[in-house]
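# have a look at this fold, sequence not included:
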């Protein structure tokens, strides 16, 4: 199930535009691996390069590493930070 707020969606778009440019990138897929973090899979339309951006419930964004173990660790850390009281 996808659980993404409008704020997360807007933050992901702004982050992508700021870091890579506001033209030539497309969000291919959105997943919600945790209740507090959504992952936006992005593709560059000109060269096909792919990367992923994670956004937590407070709209904090970060690019995810390609390595699956590192990616999972980053998502867990973002989830823990977003849900701490």
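Everything's here; your move. Everything numeric here is computed off the predicted structure, so don't read it as measured data.

# show me the helices in this protein, by range?
Ranges of helices in the chain, per DSSP state H, are 6-20, 68-83.

# can I get those helices in CSV with distance to residue 52 and mean pLDDT?
C-betas here are computed from N, CA, C, even on glycine. Shown next, in CSV, are the helices of the chain (distance: least, CB to CB, whole Å; pLDDT from 0 to 100):
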stretch, distance to residue 52, mean pLDDT
helix 6-20, 10, 95
helix 68-83, 7, 97
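
# next, format those as CSV and append distance to residue 56 and mean neighbour count.
Compiled in CSV, the helices of the chain are given as follows (distance: least, CB to CB, whole Å; neighbours: other CB atoms under 10 Å):
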stretch, distance to residue 56, mean neighbour count
helix 6-20, 8, 16
helix 68-83, 4, 15
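
# need those helices in TSV (columns: distance to residue 31).
Output for these, formatted as TSV (distance: least, CB to CB, whole Å):
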stretch	distance to residue 31
helix 6-20	12
helix 68-83	10
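
# to residue 50, which of the ones you listed lies closest?
Closest to residue 50 of those is helix 6-20 (CB to CB; 11.8 Å).

# which secondary structure elements does that closest one sit against?
Applying 3 or more CB pairs under 8 Å, 6 or more residues apart in numbering; DSSP states H and E, one finds that helix 6-20 contacts strand 25-31, strand 37-44, strand 50-56, strand 61-64.

# put together a markdown table for those, with mean pLDDT, distance to residue 7 and mean neighbour count on each row.
Shown next, in a markdown table, are the helices and strands packed on helix 6-20 (pLDDT from 0 to 100; distance: least, CB to CB, whole Å; neighbours: other CB atoms under 10 Å):
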| stretch | mean pLDDT | distance to residue 7 | mean neighbour count |
| --- | --- | --- | --- |
| strand 25-31 | 95 | 14 | 14 |
| strand 37-44 | 97 | 11 | 20 |
| strand 50-56 | 97 | 9 | 20 |
| strand 61-64 | 97 | 11 | 18 |
